[in-house]
Structure formats: C-alpha cells, structure tokens
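Participant: Kindly generate the corresponding structure for this input.
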Amino acid sequence: MATEIDGIQIPFGDARQPKALPLDHPKARWGGFKTETTILRAGHVRRPGCLPLPCDIKFERDQPVKLRDGVTIYVDVYRPVNESIAHPALLAWSPYGKEPGRGNQVLDDFIFRMGVPLHKLSEFQRWEGPDPAYWVYHGFTVVNADPRGVYKSEGNIYQFGSQEGRDGADCVDWIGSQPWCNGKVGLTGNSWLSISQWFIAAERPKYLAAISPWEGVTDVFRHTSLGGVMSKPAMDFNLQLLQVNVGENSWENTVEMITKSLQYGAYHEDKRAKIENIDVPAYVTASWSNPIHSYGTFHGYVNLKSPKWLRVHDTWEWPDYYNEENRTDLHKYFDYYLKGIENDWPSTPRLRAKLIDTSKPVGNSGTDFTCLDFPSPKMKSFKLFLDAENGSLTETYPVESTLSYVASTGSKSLTYTFSRDTKFCGPIQICLQVSVENGTDTDIFVSLDRLPNGSDRPAEQLKIPYERSYQSGLIRMARMLNLSRELGLLFYKGPNGSARLSRRTLREEISRPGFPAPDLSQSKPVKEGQIETVQVPITPMGMLFRAGDRLRVTFSGLDPAIFPPVDQSTLQTADGDHVSTSVNKDVKVQLHYLLYFA
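Facilitator: Residues are numbered from 1 along each chain as shown. This is a model prediction of the structure:
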C-alpha cells in the first residue's frame, strides 16, 4: 500500500472527518457481511415495480480477493448457473458499494431518477454499473468489487492513481484465472467506474480483453482544474464525494493535496492515467454536456493508441448507460472481443455522435453524425475574431480592438449570427491575447450558448430523456423548490472552459488540437499591461444552429461551474489564494483579439 509518492506523503482523511463513514451510518445503507452462495431464481422481483429476473443467477457474495501486497478486498459475483461453460466477465470497480440498491449513491437519491425508469432495471445493479439481469442472461459474469478500504475491504480508500490501477489489475487477473471465466475480462460502468478503467487498463493486466469507459476523466487534476483554474465548486464536489465513502479506515484526500501543493508534481502526475500504455480495444462514450467528465473523456479518446470507437450522446450519463439500444450496442462489442463472436462490430464507424438540437427532446433528436474518427475530417475549420467595437464575432480580421471587464464582478459577451443552418461537431480552440491591470494573474471563464433567432435568451436542453412537454413543468418545479443546483444539472446551454493566465505554458506531449494541456508544474505571473497569449481548454461542441440563430461567447472572471449535490455531505474547501475569487480580486482584464476554431 502506497503511503507516499516520490517522497511526497499521501494525505488521508480530514481534520473534520479523519475516517470514512462507519458501516452503521444511514448513508452506508449496509446490508451486512456474509460469504455465501445462493441462487436468485428467474422471475424474482427485488422491489415492487422493477424488472423481474429473466433467468436463474448464481450469486456469490463477499468473496475474498488477495491483492499483490497481501491486502484482502471483497467482491460479489453474479454468473450463469450452467457450470459446464466458462463465460467472460465484466468488472465494475468503484468505492460506492458493491451491494445492489445500497451504497452511498442510488438513483432514488436524484430528481426523477435522472430519467432511468425503475421498470427498466432489476435493481441488482451497483451504482453506475451493469445490470446482472441483462448480462448474465446473455452469458456474461458480472463482478462488483469493493476496492481497498471500502466497506469491509482492508486498507485505506484511494482515489484513482497507480494504486487503484494496480489493485484493479490484480482483481482482473484473479477473475481471469477462475474456472468459471473463459480468460476474457472486460471493464464497464460510468463516472468513477469509467475513470478507474483508464488506470486499470494502463497497468496491462494479463486477462483484460476490452474496456468501455463511459464518461470519465483521465487526468484527475488537469481535467477538474481546467486550464489550471482551481475551481472551488469542483473541489467542493470532489471533497464531498470522498467524504461519503464508507469503510473502517481512512480515505485519500486528493483535494487537500491540490490546495496545499499548487504546483504540479509527482503526486499529481500519478493521478494522470497513462493512456499511452493502454493496449486493449476501447469503446468510449462521451457527452457534450457533462460538467464533470466531458472534456476529460474526449481528451482520453484522442490520446488512445489502441483500437477505439467513440459514441457521443446528447443526454445524461445514467439514462444513456441503461438505454436498451446502447446496451445492445455495447453487448455486440463485448461479444466480439470477449466471446470471439464474428459479428459486424469492426465495421462500426469510429465516431458516432448525436448533435444537440434544442428544438427536440434529448435521446430522440435524429441528428446523427458518423465519421472515420474524432476530430472529424468531415468538419471544416470555422474561424472567428473578436470585434469589440461592434460587440460581435467576425470571420474577417477586424481593426484591432480591446474588450475589457473587471474580473471579480463583470463579464463581456460577443455574438455571431448564422446566415445558414450550421452543424458543429468537434473540439474548439480558443486562443486569447490578454493583459491585466491591478494584478499579475487572472482566471478567465469562457462559455458558449445559442440564442435562437429573435431571442436574447439562450436555448436550454433538458439532459434527461423526457418528452419536451415536461420541460416547462420541470423548470417551474425546480425554481419553485429553489433547486438551482439541480437546474444546472438538468439543463445544458453550451460548452464551458477556463484558463489561468499564469499557467499559459503548455505541456506539448499530451496536448492535442482543441485540447491544450497546461504545464501545471510552473506558474508565470504577468506584468501589468503586458500582452500574453493563452489557449483556453473548453469542452467540445456538438450542436445545430439554424439560420438567424446567434452564437454567444461570454468572458468572465466568475466561475459558472455547477456540480450535482452530494446527499448528506458537509465538507467544503476553505477560501484561499488559489481560488478564483482571490485571484481575480480587483483585476481588470483586457482581451485584445480572439482566435476561435470549431
């Protein structure tokens, strides 16, 4: 078990909560501990209204797995009852609790179950993981793990990095060596279960045959501190996720490290998945609208060297993961790589994208786009320049002009009007020339949205797959209940990005067009009035604009980030010199021109 990285002590716990939540905490929803084997019978209904089991399932509960350093973790195994055939296995890895319908997160905690109907699932799935009812019926084994430190598993809880990668790799190889496994293991699940896949696959375990990262960042610090900006909402969200983990020991406090050690070093680098080491096929799923994962998922895909496919959807990660059509698609992929079935998977387009059309409900927009790869060679580069004098964006280079705002309180917006219907599908490059007054640094937040023809109000898209008639009612209800965070989670307006001016130097070996990766190991304050060039990392955009619509680009020093609420969490990071409110205090920002690609 790692306690330090390159001489840097790993921080565990928080003075306000040194240990993980105890097993008897209400948030734990623990179902006890018992190593046993039972048969779940076809037709069994776990709770009223959910999907009955379509077949018998052998359920092996709390099975011990010994890791390379002697630590024992526990897994639950769901597998076909036919012992005469060895089946491939799917591993779902996260600290949220392996027990179905229990753990510190369940769909019932969220408004409208975020568009995942109860009758679509057996409720034997772990949080954000595969439903054994479907996968066992189709000849796969499902293994849910409680990683190191989680519930009854030994040790402290780690958040990503090489330790979690090694532990997950050990579990993969334990699964692959079992007599009930055919020697082929796949990884699946979304969010944490997706992020962990990048780290596990980078360790190249012997029996790993394929992965399916479904919305998950690949560089924990760089992707949660986009452009080197220490976003307090992002750090609070991460800290609260860590706070509600359940176990008998402590938890790695990655948030303390990022606030205490502002310069990127060996510890931070350990939290970057070594995508270049992954040598198995990858079915990658991303969305345009996820405030946590979108940018990092795309960045992970473009850095992959193994066979890869990208599917981009227009909804939220959970309803997309459990959507029947998408599950069937994933099934075909795993059939090919885990069962050796010669289906037509290899002919699947490398890029399949559903563009956001705010005139239609998500999941049913009908605006599909396929291509050989991402970024798409079909898409033409579209370049716009800043025209501050006219408050607009222009395709021709204007007379040089300056756009100014006070970072701590102000913002400025520019618009571009489309003369014809236009589709965007790809990364965005924003290159700014910036100077500041009354300071030596600033955080720049950039947001893009669509103003429909004749309107100054940005179009919003409901992320969960309900019919459009529900949208106005949902908005009214959320506003009536003062659910401002839920509103931000439920609705999407457009891409967001950020950059800290002092961290404008790029790390070229991991930067890609549209994905500038700042070198966080150094900070270069600027002189007042001196013009510096900075590239702003921003999430890619897949959106349809109609003739007469306007693209609006807004620059601000105010962090617009909104993250999902974490039930029963209380911890917050302290304000300090690293957060935007301090960096931007009294600073006047001047943008001298804008170079924008899509």
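
Participant: Could you find the closest non-adjacent residue to the residue of the chain positioned farthest from its centre?
Facilitator: In the chain, the greatest distance from the average C-alpha position (C-alpha atoms, centre = their mean) is reached by Val399, at 40.5 Å. Using C-beta to C-beta, 6 or more residues apart in numbering and skipping the chain neighbours, the partner closest in space to Val399 is Glu389 (7.2 Å). Placement of C-beta: from N, CA and C, glycine included.

Participant: okay, and for the stretch 151-300 of the chain, where does confidence drop off?
Facilitator: 261-262 (pLDDT under 70).

Participant: Relative to Lys308, how far out is Ser404?
Facilitator: According to C-beta to C-beta, to the nearest Å, Ser404 stands 44 Å off from Lys308.

Participant: Compare those two (neighbour count), which wins?
Facilitator: Set side by side, Ser404 and Lys308 show more neighbours around Lys308, with 20 against 13, by other C-beta atoms under 10 Å.

Participant: bridging residues for the more buried one?
Facilitator: Bridge pairing for Lys308 (DSSP bridges) gives the partners Ala282.

Participant: thought it was touching Tyr301?
Facilitator: Yes. Using C-beta atoms under 8 Å, Lys308 is in contact with Tyr301, at 6.4 Å.

Participant: Report the set of residues contacting both of those two.
Facilitator: Common neighbours of Lys308 and Tyr301 (criterion: C-beta atoms under 8 Å, 6 or more residues apart in numbering): 282, 284.

Participant: What spatial separation is found between the residue nearest to Val399 and Ser404?
Facilitator: When C-beta to C-beta is the yardstick, Glu389 and Ser404 sit 12 Å from each other.

Participant: now swap in Asp329 and tell me
Facilitator: Going from Asp329 to Ser404 by C-beta to C-beta gives 49 Å.

Participant: And Ser411, by the same measure?
Facilitator: Relative to Ser404, Ser411 is positioned 11 Å away (criterion: C-beta to C-beta).

Participant: With Trp180 instead?
Facilitator: Noted for Trp180: a distance of 67 Å to Ser404, by C-beta to C-beta.

Participant: need the contact list for Arg546.
Facilitator: Arg546 sits next to 418, 421, 452-453 when contact means C-beta under 8 Å, 6+ apart.

Participant: Turn those into a markdown table, columns for distance to Gly155.
Facilitator: A markdown table is the format used below for these (distance: C-beta to C-beta, whole Å):
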| residue | distance to Gly155 |
| --- | --- |
| Phe418 | 55 |
| Asp421 | 56 |
| Pro452 | 54 |
| Asn453 | 58 |
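
Participant: Filter the residues you listed down to the buried ones.
Facilitator: Neighbour-count burial (16 or more other C-beta atoms under 10 Å) applied to the contacts of Arg546 gives Pro452.

Participant: how much distance is there from the one helix or strand Val142 maps to to the middle of the chain?
Facilitator: With secondary structure defined by DSSP states H and E, Val142 is part of strand 141-146. Offset of strand 141-146 from its chain centre (C-alpha atoms, centre = their mean, to the nearest Å): 21 Å.

Participant: Helix or strand with the lowest mean pLDDT in the chain?
Facilitator: For the chain, counting by mean pLDDT, DSSP states H and E, helix 580-583 ranks last in confidence among helices and strands (a mean of 46).

Participant: now the stretch 351-500 of the chain, which segments are flagged as low pLDDT?
Facilitator: For the stretch 351-500 of the chain, residues meeting the criterion pLDDT under 70 lie at 361-367, 466-489.

Participant: Would you map the helices across it?
Facilitator: Listed in chain order, the helices of the stretch 351-500 of the chain (DSSP state H, counting those that start in this stretch) span 469-480, 484-490.

Participant: likewise the stretch 1-150 of the chain?
Facilitator: When assigned using DSSP H, counting those that start in this stretch, the helices of the stretch 1-150 of the chain occupy the ranges 132-137.

Participant: Which residue, other than its chain neighbours, is closest to Ala547?
Facilitator: Arg420 is the one closest to Ala547 (C-beta to C-beta, 6+ apart), at 5.1 Å.

Participant: any idea how far that neighbour is from Leu544?
Facilitator: According to C-beta to C-beta, Arg420 and Leu544 sit 12 Å apart.

Participant: What of Asp373?
Facilitator: Computed as C-beta to C-beta, the Asp373 to Leu544 distance reads 21 Å.

Participant: Likewise for Thr328?
Facilitator: Thr328 is 26 Å from Leu544, by C-beta to C-beta.

Participant: More neighbours: which of the two?
Facilitator: Leu544 (19 against 11).

Participant: ok, now which ones touch the more buried one?
Facilitator: Contacts for Leu544 (C-beta under 8 Å, 6+ apart) come out as 355-357, 367, 421-424.

Participant: Looking at these, state which has the most neighbours.
Facilitator: For those, the largest number of neighbours (other C-beta under 10 Å) sits with Ile356, at 27 neighbours.

Participant: For that residue, give the beta-bridge partners.
Facilitator: Under the criterion used (DSSP bridges), Ile356 bridges to Met543.

Participant: Any stretches of the stretch 1-150 of the chain with poor pLDDT?
Facilitator: Along the stretch 1-150 of the chain, segments meeting pLDDT under 70 span 1-2.

Participant: Show me the strands in it, by range?
Facilitator: Listed in chain order, the strands of the stretch 1-150 of the chain (DSSP state E, counting those that start in this stretch) span 4-5, 8-9, 36-40, 57-66, 72-79, 87-93, 141-146.

Participant: again with the stretch 251-400 of the chain
Facilitator: Under DSSP E, counting those that start in this stretch, the stretch 251-400 of the chain gives strands at 282-287, 308-313, 351-354, 368-371, 384-387, 392-394.

Participant: Please apply the same query to the stretch 401-550 of the chain.
Facilitator: 403-406, 411-417, 422-426, 429-437, 443-451, 461-462, 491-492, 496-500, 532-536, 541-545, 550-556.

Participant: Out of those, the one nearest Asp167 is which?
Facilitator: Closest to Asp167 of these is strand 496-500 (C-beta to C-beta; 32.5 Å).

Participant: other SSEs contacting the closest one?
Facilitator: Strand 496-500 sits against strand 443-451, strand 532-536, with contacts defined as 3 or more C-beta pairs under 8 Å, 6 or more residues apart in numbering; DSSP states H and E.

Participant: want to throw those into JSON lines with mean neighbour count?
Facilitator: Formatted as JSON lines, the helices and strands packed on strand 496-500 follow (neighbours: other C-beta atoms under 10 Å):
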{"stretch": "strand 443-451", "mean neighbour count": "23"}
{"stretch": "strand 532-536", "mean neighbour count": "19"}
